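Asker: Could you look at this predicted model? Sequence included:
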Amino acid sequence: MTTHRTQKPLSDAPYPDTDCLIDARLHALDRQIVDVEGRPVGVVDDLELDDVLDDHGVPPAQPPRVVALLTGNTLPARIFGGRPPTTRLTRIDMSVVRDFGITVRLTRRHDELDRTWAERWVRDQIIRRIPGGSRDPR
């Protein structure tokens, strides 16, 4: 016997119906983030929630709201355990998110985000100074 799970569309209301459950591990984490041109920016490593107190949990009358996606180098923390320092994570505000589906699409180009500042710095300060480093690879 085959069972098919029907999926209800998400409500536009600030707080969805109680039978509409969003599991962050299933629907958000490890999703690829792409810019407006389809270039990869990173993956969703964590979520920043609004109105969640660390020691007090989530108040049942007011569910938390995702205010930002956090992305960064979390591989060492996954291998060795623990959490990466928040200074190592880049914050992408939800106002920049255009679509949240199989991939997370942004409304900005990758070079407008703080996510790639280290790559840009290495490119501009080191790679360009190498003979042939400023040549377009195409």
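Answerer: Great, that's in hand.
Asker: Show me where the chain has its strands.
Answerer: Residue ranges of the strands in the chain, as given by DSSP state E, are 32-34, 40-43, 46-50, 65-72, 89-93, 97-100, 103-106.
Asker: any chance of the ones you listed in a markdown table, plus distance to residue 122?
Answerer: From N, CA and C alone the C-beta is placed, and that goes for glycine too. Output for those, formatted as a markdown table (distance: least, CB to CB, whole Å):
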| stretch | distance to residue 122 |
| --- | --- |
| strand 32-34 | 20 |
| strand 40-43 | 16 |
| strand 46-50 | 25 |
| strand 65-72 | 16 |
| strand 89-93 | 16 |
| strand 97-100 | 27 |
| strand 103-106 | 22 |
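Asker: and of these, who's closest to residue 121?
Answerer: Across those, residue 121 has its closest neighbour in strand 89-93 (14.1 Å, CB to CB).
Asker: which regions of the chain sit below the pLDDT cut-off?
Answerer: The chain contains residues with pLDDT under 70 at 1-22, 52-60, 115-119, 133-138.
Asker: quick revisit: could the strands of the chain be laid out in CSV, adding mean neighbour count and distance to residue 129?
Answerer: What follows is those, written out as CSV (neighbours: other CB atoms under 10 Å; distance: least, CB to CB, whole Å):
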stretch, mean neighbour count, distance to residue 129
strand 32-34, 18, 30
strand 40-43, 18, 26
strand 46-50, 15, 35
strand 65-72, 18, 27
strand 89-93, 18, 26
strand 97-100, 14, 36
strand 103-106, 20, 31
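Asker: So which of the ones you listed is nearest residue 128?
Answerer: The nearest among the strands of the chain, by CB to CB, is strand 40-43 at 22.1 Å.
Asker: With just CA atoms, put the closest one into CSV.
Answerer: Provided in CSV are the C-alpha atoms of strand 40-43 (Å, rounded to 0.1, in the frame of the first residue of the first chain):
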residue,chain,number,x,y,z
PRO,A,40,26.2,29.9,-5.3
VAL,A,41,26.8,31.9,-2.2
GLY,A,42,26.8,29.2,0.5
VAL,A,43,24.5,26.9,2.4
